[in-house]
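> Quick one, structure for this:
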Amino acid sequence: MNSRLQPDHQGAPPQIRPARIEDADQVIPLLYQAIGDIAYALAGEANHDKAMEILKQFYMQAGNRISYRHVTVMEQDGLIAGILVAYDGGEADRLDQPILDRAGRSQDEKYVLVKETRPGEYYLDTLSVSEAYQGQGIGRALMAAFEEQGRDLGHLQVSLIVERDNGRALMLYERQGYVKDDVIVIAGHEYNHMVKPIQ
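Model prediction:
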């Protein structure tokens, strides 16, 4: 199944739920939609099809940053309308190790993984809404779910990064109480690291 499929409008109520392994074919295109070039750095592979297959394999395994265990989905009309990927910032190095240790991973410096988060943060790695469902409040609902997950896990602060030239997203996050506290460079792009207290 492809995330670009049009909704079938069967009237099933929207549901936020933990991702499942079988969601992979819908989740990976949404992951790529959100992270762009970072996908190639994660995969350590320049070929698009190979990179997507590598990401899919990591998604289907536990113990890495894009594992289905770190993904929450919004299911609507029987399709994955949006995703979020989140984890404890203190676990980032451990979660990146399987990605870095993958046999055949390119050692080219353009695929270096930059640390995006810090200990003490519940980190929103990725938020993505299918084009067919944009403008329906799904991103806002997933953000609320992310912050609730952080509170439930006992975190005092949540964090995310947003590309510096993405003014629309930057304004959205600022309106929701996020404040820029750093700038990092990933895959040649500058990102604002933003934080928000949640307790």
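
> residue ranges for the helices of the protein, please.
With DSSP state H as the criterion, the chain has helices at 24-35, 38-43, 48-59, 92-100, 138-152, 167-175.

> Of these, flag the one that's most buried.
Neighbour counts (mean count of other Cβ atoms under 10 Å) averaged over each of these peak at helix 38-43, with a mean of 23. Every C-beta, even on glycine, is put in place using the N, C-alpha and C of the backbone.

> pull the CA atoms of the least confident helix or strand in the chain by mean pLDDT into CSV?
Across the helices and strands of the chain, mean pLDDT, DSSP states H and E gives its lowest value to helix 167-175, namely a mean of 89. The C-alpha trace of helix 167-175 is given here as CSV (Å, rounded to 0.1, in the frame of the first residue of the first chain):
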residue,chain,number,x,y,z
GLY,A,167,8.9,29.5,8.4
ARG,A,168,5.4,27.9,8.5
ALA,A,169,6.4,25.0,10.7
LEU,A,170,8.6,27.3,12.9
MET,A,171,5.6,29.6,13.5
LEU,A,172,3.4,26.6,14.3
TYR,A,173,5.8,25.2,16.9
GLU,A,174,6.3,28.7,18.4
ARG,A,175,2.6,29.1,18.8
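
> re the thing from before, select, out of the helices of the chain, the one closest to Leu79.
Leu79 lies closest, by Cβ to Cβ, to one member of the helices of the chain: helix 24-35, at 6.7 Å.

> Which elements pack onto that closest one?
helix 38-43, helix 48-59, strand 79-88, strand 122-129 (3 or more Cβ pairs under 8 Å, 6 or more residues apart in numbering; DSSP states H and E).

> Contacts for it next, please.
Residues from elsewhere that reach helix 24-35, judged by Cβ atoms under 8 Å, 6 or more residues apart in numbering: 1-4, 19, 39, 42, 52, 55-56, 59-60, 66, 68, 71, 73, 79-80, 82-83, 85, 126-131.
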